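Novice: Next one to model:
(one chain, ligands or ions: 2)
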Amino acid sequence: MVAAVCGSFAPRIPKDGRGNNPVTKFMHVQGAPPDSLPPGTPLLQGQFLVESFLNAGGFGITYLARNSLERRVVLKECYPTTMCYRSQSLVRARSCSQQTEFDVVVRLFGEEARRLAKLDHPNIVGVHDVFEDNGTAYMALDYVEGLDLLDVIETQPGRLGPPEIRTMTRKLLEAIAHVHGLNMLHRDISPDNVLLDRNNEPILIDFGAARDTARRASRVLSALQVVKDGYSPQEFYLAGSAQNPAGDLYSLAATLHHVLTGEPPLYSHVRLAALAEQKPDPYVPLAGRVAGYDLHFLSAIDTALSVFAKNRLQSAEEWIECIDTKARQRALSAKVSNDPEVTARIRKLVNDTNVAVKVEQERAAREVAEQRRRDEIERQAREEARREMRAQALREAEEIQREAEEAKQERLAAEAAERAQLEAEIAAQQAADEMALQEAADPPARRAQSRVETRGEELERSKAHTAKQKIEMHERPGWITRVWRRLLRRDTTKQRRQLEGSGA
Ligand SMILES: Nc1ncnc2c1ncn2[C@@H]1O[C@H](COP(=O)(O)OP(=O)(O)OP(=O)(O)O)[C@@H](O)[C@H]1O
Ligand SMILES: [Mg+2]
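Specialist: Numbering: from 1, shown residues only. Ligands and ions are numbered 1, 2, ... in the order given. Just a heads-up that it's a prediction; the model follows:
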């Protein structure tokens, strides 16, 4: 198990494969070191009760405990083994000369705990109490029910697939961004310092920054290593070197390397040595050789694992942008909006576009109005033409009707004239017949008298007929009247001539 974690390079503190010195991990150990507090030990006047030992590192001992509400908590005791010992429950400096230094370390432990208590993130273990007792300091942490990542990799290899690992990475990056946002560093990110609860929610524990502060403050502690082979970047090995967020990102990348490949990357100080000898970096990049992950995801880990801090991803946010398409787009637009020159160009582009759009809209509106006007003119012309055609049709219909009526009237007039002619002929015939009879019986003077009387009667009848027609004419339209008058004039003239002719 340990060999798989460490590969061919032995870590500095390799005993349990997690860099912890006394091999006393909760899951694996049989017993607790003799100087740890025994179960049942009360702390802070009984507000906490030690339940069991969990682990011991060079700087402290971790216990499972209960608080006054019977809730399970984890207690971390400031116990730098190289400078203190326990007498009964009391922790004392190993020598009087170390007491001052020990007091400083205890004070720094408390200060660091109070700083950690300010971290408020769902993926960072909560520090909810700091107190001094037994001559040392303690911090009380929320208890997380679950396994650490190292145990998960080793005992449940199928539990985390690419989707879970991607989600876990994202959450850890957000947690780290939170830490860095408060100007703090974790300094000890590794698989054994990430707990996974039953929902695979990753929780970052065991901030190494407190240990580093103590180490810097104490000559005795300065000899202690605060690096974890395979997970610490090369600069952590150099005393007094500048440390920055990129160091934590290196450790996270190394942790993910372990999760993906089953082992941490080649130790950073070994790679540094190779480069110092002008040899190529012996690190084999992950990009393209791990199935189930896109190039962005794997390349981000490779970049974060660069030997030199300046070549790494510089912030957790930058890493998130690399692996999250949406975050990448957001970052790009944020970058764009922060650049005054780009902003000015975009503003000009937007203005130009707005002006062009407005001009185009106005032109289109004008075209629409013009088209409407043309349509209206055409409509009116069509309407006028239709009216004209209708009037024309009406006129023609009236003309036809008038002509038909005139034809009818002429026909009637002709018939009337014919009838009159016939009657006149009949009358003339009758008169001739009568004359013939009278000639046979009466003298010629009587016949002449009789003929004049007969003609007079005929004339009277004809006048009566004409008068009747005149009356009818008055009831007819003007044009009929005109025709009738013409006809009557013709008739009357004809009859008069006939009469005059016969009278003569
Ligand atoms: N909040 C917690 N909830 C549950 N278990 C925890 C919690 N904190 C720590 N543990 C368990 O205790 C173990 C040791 O804790 P931690 O990593 O904080 O100490 P360490 O590595 O021994 O510390 P140090 O390096 O500070 O001496 C962890 O691996 C984990 O199994
Ligand atoms: Mg730890």
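Novice: how deep is residue 153 tucked in, by neighbour count?
Specialist: Residues near residue 153, counting by other C-beta atoms under 10 Å, number 22. For glycine as for every other residue, the C-beta is placed from the backbone atoms N, C-alpha and C.
Novice: Packing partners of the helix or strand containing it?
Specialist: Using DSSP states H and E, residue 153 maps to helix 149-155. Applying 3 or more C-beta pairs under 8 Å, 6 or more residues apart in numbering; DSSP states H and E, one finds that helix 149-155 makes contact with helix 2-6, strand 194-197, helix 245-261.
Novice: ok, now with 10 Å
Specialist: helix 2-6, strand 146-148, strand 194-197, helix 245-261 (3 or more C-beta pairs under 10 Å, 6 or more residues apart in numbering; DSSP states H and E).
Novice: and the longest one, how far out from the chain's middle?
Specialist: Meaning helix 245-261. 34 Å (C-alpha atoms, centre = their mean, to the nearest Å).
Novice: buried residues in that helix?
Specialist: For helix 245-261, burial by neighbour count (16 or more other C-beta atoms under 10 Å) applies to 245-260.
Novice: My guess is residue 48 contacts residue 128. True?
Specialist: No - between residue 48 and residue 128 no contact is recorded; they are 11.5 Å apart, counting by C-beta atoms under 10 Å.
Novice: More neighbours: which of the two?
Specialist: Remark: of residue 48 and residue 128, residue 48 carries more neighbours, 22 against 13, as counted by other C-beta under 10 Å.
Novice: Low-confidence ranges, this protein, go.
Specialist: For the chain, applying pLDDT under 70 flags the ranges 1-30, 209-210, 220, 223-225, 439, 441-452, 466, 469-496, 499-504.
Novice: Contact residues of it facing ligand 1?
Specialist: With C-beta under 6 Å from any ligand atom as the criterion, the chain comes near ligand 1 at residues 20, 26, 54-55, 57, 59-60, 62, 74, 125, 141-144, 148, 192-193, 195, 205-206.
Novice: And the closest residue to ligand 1 within the stretch 101-250 of the chain, how close does it get to residue 77?
Specialist: Closest to ligand 1 within the stretch 101-250 of the chain is residue 206: 3.4 Å, counting by C-beta to the nearest ligand atom. For residue 206, the distance to residue 77 (C-beta to C-beta, to the nearest Å) stands at 14 Å.
Novice: shared neighbours, these two?
Specialist: Common neighbours of residue 206 and residue 77, using C-beta atoms under 10 Å, 6 or more residues apart in numbering, are 60, 62.
Novice: For residue 212, which residues are in contact?
Specialist: Taking C-beta under 10 Å, 6+ apart as the test, what residue 212 contacts is 59, 108, 112, 185, 187, 188, 221, 224, 226, 236, 243.
Novice: Out of those residues, give me the two with the largest separation.
Specialist: Largest separation among those by C-beta to C-beta: 108 and 236, giving 18.8 Å.
Novice: Tell me, domain by domain, which residues of the protein belong where.
Specialist: As assigned by automatic domain parsing, the chain contains the domains 1-146+209-216, 148-196+227-338, 342-503.
Novice: Next, format these as a markdown table and append distance to ligand 2.
Specialist: Shown next, in a markdown table, are the domains of the chain (distance: least, C-beta to the ion, whole Å):
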| stretch | distance to ligand 2 |
| --- | --- |
| domain 1-146+209-216 | 6 |
| domain 148-196+227-338 | 5 |
| domain 342-503 | 46 |
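Novice: Around the residue in the stretch 151-300 of the chain that ligand 2 sits nearest to, count how many other residues there are.
Specialist: Closest to ligand 2 within the stretch 151-300 of the chain is residue 206: 3.6 Å, counting by C-beta to the ion. The number of residues packed around residue 206, counting by other C-beta under 10 Å, is 24.
Novice: my guess is residue 297 meets residue 286, correct?
Specialist: Yes - counting by C-beta under 10 Å, residue 286 is a contact partner of residue 297 at 8.8 Å.
Novice: any shared contact partners between these two?
Specialist: Listed contacts common to residue 297 and residue 286 are 256, 260; contacts here mean C-beta under 10 Å, 6+ apart.
Novice: Overlap of the contact sets of residue 48 and residue 128?
Specialist: 67, 73, 140.
Novice: Now name the helix or strand holding the second one.
Specialist: Per DSSP H and E: residue 73 is located in strand 72-78.
Novice: Would you mind confirming that residue 262 is in contact with residue 157?
Specialist: Yes - the criterion here is C-beta under 10 Å, and residue 262 meets it with residue 157 at 8.2 Å.
Novice: Looking at those two, which one has more neighbours?
Specialist: Set side by side, residue 262 and residue 157 show more neighbours around residue 262, with 13 against 9, by other C-beta under 10 Å.
Novice: quick one: that one and residue 111, what's the gap?
Specialist: In terms of C-beta to C-beta, residue 262 sits 39 Å off from residue 111.
Novice: What is the end-to-end distance of stretch 81-99?
Specialist: Terminal residues of stretch 81-99 are spaced 13 Å apart (C-alpha to C-alpha, to the nearest Å).
Novice: How far off centre is that stretch?
Specialist: Relative to the centre of its chain, stretch 81-99 is centred 63 Å away, using C-alpha atoms, centre = their mean.
Novice: same question, stretch 74-86
Specialist: That offset, for stretch 74-86, works out to 55 Å (C-alpha atoms, centre = their mean).
Novice: can you pull the buried residues of it?
Specialist: In stretch 74-86, counting by 16+ other C-beta under 10 Å, buried: 74, 75, 76, 77, 78, 79, 80, 81, 83, 84, 86.
Novice: repeat for stretch 311-330
Specialist: 312-313, 315-324, 327.
Novice: what sits against the residue nearest the centre of the chain?
Specialist: For the chain, the residue sitting closest to the mean C-alpha position, by C-alpha atoms, centre = their mean, is residue 326 at 11.5 Å. Residue 326 makes contact with residue 320 under the criterion C-beta under 10 Å, 6+ apart.
Novice: For this structure, which residue gets nearest to ligand 1?
Specialist: Closest point on the chain to ligand 1, by C-beta to the nearest ligand atom, is residue 57, at 1.9 Å.
Novice: can you pull out the helices in the stretch 251-400 of the chain?
Specialist: 268-276, 295-304, 316-323, 325-338, 340-441 (DSSP state H, counting those that start in this stretch).
Novice: Need those helices in JSON lines (columns: distance to residue 153).
Specialist: Converted to JSON lines, those look like this (distance: least, C-beta to C-beta, whole Å):
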{"stretch": "helix 268-276", "distance to residue 153": "20"}
{"stretch": "helix 295-304", "distance to residue 153": "16"}
{"stretch": "helix 316-323", "distance to residue 153": "21"}
{"stretch": "helix 325-338", "distance to residue 153": "27"}
{"stretch": "helix 340-441", "distance to residue 153": "45"}
